[in-house]
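Peer 1: I need the structure of the sequence given here:
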Amino acid sequence: MHDLNDRFSESSRRDFLKGIGALPMMTFCGGQRFGSQSLIPARNANTMQAKKAASTPTQKFVALQIGARSFVDEGVDKCLDTIQEKAGVNVLMATVFTYGRGLAGRQVPGQPLPDHGVQEYDEIHGGSYTKLHPEFYANSVIKDFRAPELGDFDILADVIPKAKGRGMQVYCLFEEAYNPRLIPNFEKIAEVDVYGRIGTSACLNNPDARTFLMSMVRDWLTTNELDGMMWESERQGPLNNTLEAHFGKIGRRRSINCFCAHCLKKGKDLGINVERARDGYMALDCWVEQSLSSPRQNDGGFVTLWRLFLEYPEILAWERFWFRSQEEVYGLLYGTTKEANPKAQAGWHIMHLVTMSPFFRAEQNYARLAQYADYIKPCPYNNCAGPRFAQYIRNVQSTIFHDCTLEEVLELHYKLLGIEGGPSFDKLPTAGLSADYVARETRRAIADVQGAVAIYPGIDIDIPTGLNEKRTQPADVKAAVLAAFKAGAPGVVLSRKYAEMKLTNLAGTGEALRELGSANSISRGATPETEQTGVQA
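Peer 2: The predicted model follows:
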């Protein structure tokens, strides 16, 4: 793969985009295989510099993630007026597809209702919150997945004209959050775990799963006046899942995926001993069970784990195979976006775990991702980072670092991740992390991509935590937004969704913009120059 600083001509770029758009057909219908898993040539390192030169210096890219339910409950005009007046928002990240509560629906049941919207909880079905055009799904095994709970409301057709009238850009936002019970034919794209059980997410190497994802992107970008898209692939490979290296509750069934027929064939073609890989993951699963049920293994947990890796090097080979497959899908969606609308911006949400797990961070290489993206949204969510990081430390202390105390594991991670002066373990859930954490992660991402793409850090506003844990305050939002911009970011993404944000906290963004002297805070919408570039800096 080429170095990030390599340059290629516009004709080469057009050829690349044409080729990447045709790649699924070439790969699965023409008999060719991927081979090295290194498909995507380097993008033009001058792209962002050209965009910066053409943009308005006082206009910041301020995006807000928002679901269809908010527009239905509060009205499109009222929502748009509120977010512009409170937070200087000039980019909507409109959720077009999900089956999860993180991006759709009202507030999560059990959490305090915000100071706007309908004051009751709701149920969600999920699916597509915009109209489906059947011609785009002719080759897809997934065809009928329109979300039914909001009637005919269309988050794109009903919102884009009014947003554009206010000078706002609109990006479509979608995530890998599926509900197999509600998606006909989902079993045809599903992962299969190491024990042969059907999973709840789509296999990244399944040609039908790739076709489904690309069909949605073509539909949205072709039939709507969109300025860009963002995909959330909030999952990690089988190694980290098996080791419980995440911030969810420990003890849930581990997702040791994927070992479906497509992955087994592709892995074998790449030279991996797939049977040894399966045996290694089953042995690793047994090791985890022993770690969770016994106080200490004879040689210590870490020594025993490393011995297992030496016995089964295929474990790491299969993990690399998984995240490189995820990168391939990023490339395919990038190419599909450019094929449908060359001016549309394509970018990736990188889940919060990247700021706490050195293992996940090693896999999510921003320099590599920048080669098939126009922007990247890392998630240095400093408010919910407190309870999430504490849970992550509990999880890995139960497995990888079973020989150490919780405080020792936390201190090790502070050193590995470069977090200076973080709170002690007992204070972490209620203190959260400082705005300096946002600045540090922003600077790290910017340095990694070397100016090739924009970095838009996610700013967490009222992401649910325990009622006795860290809760967002207006000063937190203001400090985080200031930290991101002062660290060099050309924009931010207010997250997770408007429906769970308090307006008093959202207004912290507006306060930060006023302090920075940004045009966002005193006038609505983008200038003609920013509308042409798609990026405001």
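Peer 1: By residue count, which helix of this structure is the longest?
Peer 2: helix 314-340 (DSSP state H).
Peer 1: Give me the buried positions along that helix.
Peer 2: 314-315, 317-340 (16 or more other C-beta atoms under 10 Å). Every C-beta, even on glycine, is put in place using the N, C-alpha and C of the backbone.
Peer 1: same check, this time on stretch 89-105
Peer 2: 89-105.
Peer 1: what about that stretch, how long is it end to end?
Peer 2: End-to-end distance for stretch 89-105, by C-alpha to C-alpha, to the nearest Å: 21 Å.
Peer 1: now do stretch 257-276
Peer 2: 15 Å.
Peer 1: Low-confidence stretches in the stretch 151-300 of the chain?
Peer 2: 251-253 (pLDDT under 70).
Peer 1: Which parts of it are strands?
Peer 2: In the stretch 151-300 of the chain, the segments counted as strands under DSSP state E, counting those that start in this stretch are 169-175, 190-192, 198-202, 228-232.
Peer 1: Just list what the last one packs against, helices and strands only.
Peer 2: Contacts defined by 3 or more C-beta pairs under 8 Å, 6 or more residues apart in numbering; DSSP states H and E place strand 228-232 against strand 169-175, helix 207-223, helix 314-340, strand 345-349.
Peer 1: So what touches it?
Peer 2: Contacts with strand 228-232, where a contact means C-beta atoms under 8 Å, 6 or more residues apart in numbering, come from 93, 103, 169, 171-177, 217, 220-221, 330, 333, 337, 344-349, 351, 374, 377, 534.
Peer 1: Secondary structure class of residue 97, three-state.
Peer 2: strand (DSSP: H, G, I helix; E, B strand; the rest coil).
Peer 1: just use 41 as the starting number from now, easier for me
Peer 2: With 41 as the first residue, the last one maps to residue 137.
Peer 1: what's around the closest residue to it other than its chain neighbours, how many residues?
Peer 2: Sequence neighbours aside, residue 214 is the residue nearest to residue 137 in space, at 3.9 Å (criterion: C-beta to C-beta, 6 or more residues apart in numbering). Counted by other C-beta atoms under 10 Å, the residues lying close to residue 214 total 25.
Peer 1: circling back: ChimeraX command for the buried members of the contacts of strand 268-272?
Peer 2: In ChimeraX syntax, the buried subset of these is picked out as below (16+ other C-beta under 10 Å):
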select :133,143,209,211,212,213,214,215,216,217,257,260,261,370,373,377,384,385,386,387,388,389,391,414,417,574
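Peer 1: what residue ranges in the stretch 41-190 of the chain score low on pLDDT?
Peer 2: 41-97.
Peer 1: Where do the strands of it begin and end?
Peer 2: Under DSSP E, counting those that start in this stretch, the stretch 41-190 of the chain gives strands at 101-106, 131-138, 167-168.
Peer 1: contacts for the last one?
Peer 2: Residues from elsewhere that reach strand 167-168, judged by C-beta under 8 Å, 6+ apart: 136-137, 139, 185-188, 222-223, 256.
Peer 1: repeat that for 7 Å
Peer 2: 136-137, 139, 185-187 (C-beta atoms under 7 Å, 6 or more residues apart in numbering).
Peer 1: between these, which is nearest residue 172?
Peer 2: Nearest to residue 172, judged by C-beta to C-beta, of these is residue 186 at 5.6 Å.
Peer 1: closest to residue 319 among the contacts of strand 167-168?
Peer 2: residue 139 (33.6 Å).
Peer 1: Please give me every residue in contact with the closest residue to the closest one other than its chain neighbours.
Peer 2: Spatial nearest neighbour of residue 139, chain neighbours left out: residue 166 (3.3 Å); criterion: C-beta to C-beta, 6+ apart. Each residue near residue 166 by C-beta under 7 Å, 6+ apart is listed here: 138-140, 144, 187, 219, 222.
Peer 1: Over to residue 226?
Peer 2: Contacts of residue 226 (C-beta under 7 Å, 6+ apart): 218, 220.
Peer 1: Let's see that with 10 Å instead.
Peer 2: 181-182, 185, 218-220, 238, 240-242, 249, 252 (C-beta atoms under 10 Å, 6 or more residues apart in numbering).
Peer 1: now do residue 463
Peer 2: So residue 463 contacts 426, 429-430, 450, 454, 469-474 (C-beta under 10 Å, 6+ apart).
Peer 1: Any figure for the gap between it and residue 454?
Peer 2: Using C-beta to C-beta, to the nearest Å, we find residue 463 at a distance of 10 Å from residue 454.
Peer 1: just residue 343 next, same as before
Peer 2: On the measure of C-beta to C-beta, residue 343 and residue 454 end up 24 Å apart.
Peer 1: If you count surrounding residues, which of those two has more?
Peer 2: A count of neighbours by other C-beta under 10 Å puts residue 454 above the other of residue 343 and residue 454, at 15 against 12.
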